[in-house]
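Visitor: Return a 3D structure for these sequence lines:
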Amino acid sequence: MRALLVSVLLLLSTGSAFAAPDPVVVFLERNGAVVGMDDGDVTIPTFGGGDRVWSGIVGCVADHFAPFEIIVVDRKPARGEFITAVVGGLASQLGLDDETTNGVGPYDGTVLRTARVFVFSKVSGERDVANLCAVTAHEVAHSLGLDHSATCGDIMSYHLDACGTRQFLDIAGPCGEGRDRMCATGDETQNSFRRLGALVGFKPQPQADDEPEADADDEGEYEYEYEYEYDDETVPAAEPAFTPEPEAEVDAEVDTVTSPEINEAPAHSCPTRTRRTSGSPGRQRQRPWW
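Guide: You can find the predicted model right below:
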């Protein structure tokens, strides 16, 4: 049995939104991390899904943040501030529930440029590109100032894939987990797409005059890539996503996450994805959020 998408939102305090003056850098860390806990240091192991799966995750996360002034990289920047998303290990290593908890990230309604979030790849399954991508984007977005959304299909919602592939939707709706509530900022609704753009900025849209002229024999197509400076060399920020081969369904059960405390901050809980048992329709149950 493997548990799928769950996150824990650490509610630090509410705060007013502000526009980020520079692009936000998000570093996806696959090589593990050491986390200081009350009873000693904990070592989160390296991501075990392999290079091809990792490339898919990085490209997918970069696609989610492509409209915004956010740079996604998977090599540690040599300087400056950046958000770190550690992908690997088990939730139990940080005192959370392995059956249900996929990720954890801090939130206070503003952009936390040096935040560290965790995506527990051994809980999701280390070859589940789509879910690991969604969990990573969800947790990083908490550190960028987004609350949970109650809008089905939004990547910040509890509805997961019930309304199709999760995205930052350009739809205003109430915040919430298992039920609608006012957003932690005091607003009645959140438009995840517009709010994220207001917090970090939108990338400029290319003008028609700025598009490169196509050669006569290339049928109007061209390629480009972003680069970012790292400790040892300059490499492309992210490789294109790939579509993994479908995996056979496995028997599984539905659980919901508890809400323990991490780093002495109160936590909210998120539900698991609807689990499917071979030969039977999907089914899901939830406990109230708290």
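Visitor: Could you list the low-pLDDT ranges of the stretch 151-290 of the chain?
Guide: Segments of the stretch 151-290 of the chain classed as low confidence (criterion: pLDDT under 70) are 208-290.
Visitor: Try it again at 50.
Guide: Across the stretch 151-290 of the chain, residues meeting the criterion (pLDDT under 50) sit at 216-290.
Visitor: can you check the stretch 1-150 of the chain too?
Guide: Within the stretch 1-150 of the chain, the segments meeting pLDDT under 50 span 1-6, 13-20.
Visitor: Spell out, range by range, the helices that occur in the stretch 101-250 of the chain.
Guide: Ranges of helices within the stretch 101-250 of the chain are 121-124, 129-143, 192-200, based on DSSP state H, counting those that start in this stretch.
Visitor: closest to Val26 out of these?
Guide: helix 129-143 (5.6 Å; C-beta to C-beta). Placement of C-beta: from N, CA and C, glycine included.
Visitor: For the closest one, buried residues please.
Guide: Within helix 129-143, the residues that qualify as buried are 129-143, counting by 16 or more other C-beta atoms under 10 Å.
Visitor: That one to helix 192-200, inter-axis angle?
Guide: With axes from the mean of the first three to the mean of the last three C-alpha atoms, to 10 degrees as the criterion, the two stretches helix 129-143 and helix 192-200 enclose an angle of 50 degrees.
Visitor: could you say what helices and strands helix 129-143 packs with?
Guide: With contacts defined as 3 or more C-beta pairs under 8 Å, 6 or more residues apart in numbering; DSSP states H and E, helix 129-143 has these neighbours: strand 7-11, helix 51-64, strand 83-87, strand 103-107, strand 116-119, helix 121-124.
Visitor: As TSV, these with mean neighbour count would be great.
Guide: Supplementary listing: these in TSV, determined by neighbours: other C-beta atoms under 10 Å:
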stretch	mean neighbour count
strand 7-11	25
helix 51-64	20
strand 83-87	25
strand 103-107	26
strand 116-119	27
helix 121-124	26
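Visitor: nearest to Leu196, of the ones you listed?
Guide: Taking C-beta to C-beta as the measure, these were each checked against Leu196, and helix 51-64 came out nearest at 10.0 Å.
Visitor: and the next element down the chain from the closest one?
Guide: For helix 51-64, the following helix or strand on the C-terminal side (DSSP states H and E) is strand 70-73.
Visitor: need the contact list for Ile155.
Guide: Residues touching Ile155, when contacts are defined by C-beta atoms under 8 Å, 6 or more residues apart in numbering, comprise His64, Ala134, Ala137, His138, Ala141, Arg166, Gln167, Phe168, Leu169, Ser192.
Visitor: Identify the residue spatially nearest to it, adjacent ones excluded.
Guide: Leaving aside its chain neighbours, Ile155 sits nearest to Arg166 (4.0 Å; criterion: C-beta to C-beta, 6 or more residues apart in numbering).
Visitor: Now do the contacts for that neighbour.
Guide: The contact partners of Arg166, taken as C-beta under 8 Å, 6+ apart, are Ala134, Ala137, His138, Gly153, Asp154, Ile155, Ser157, Leu160.
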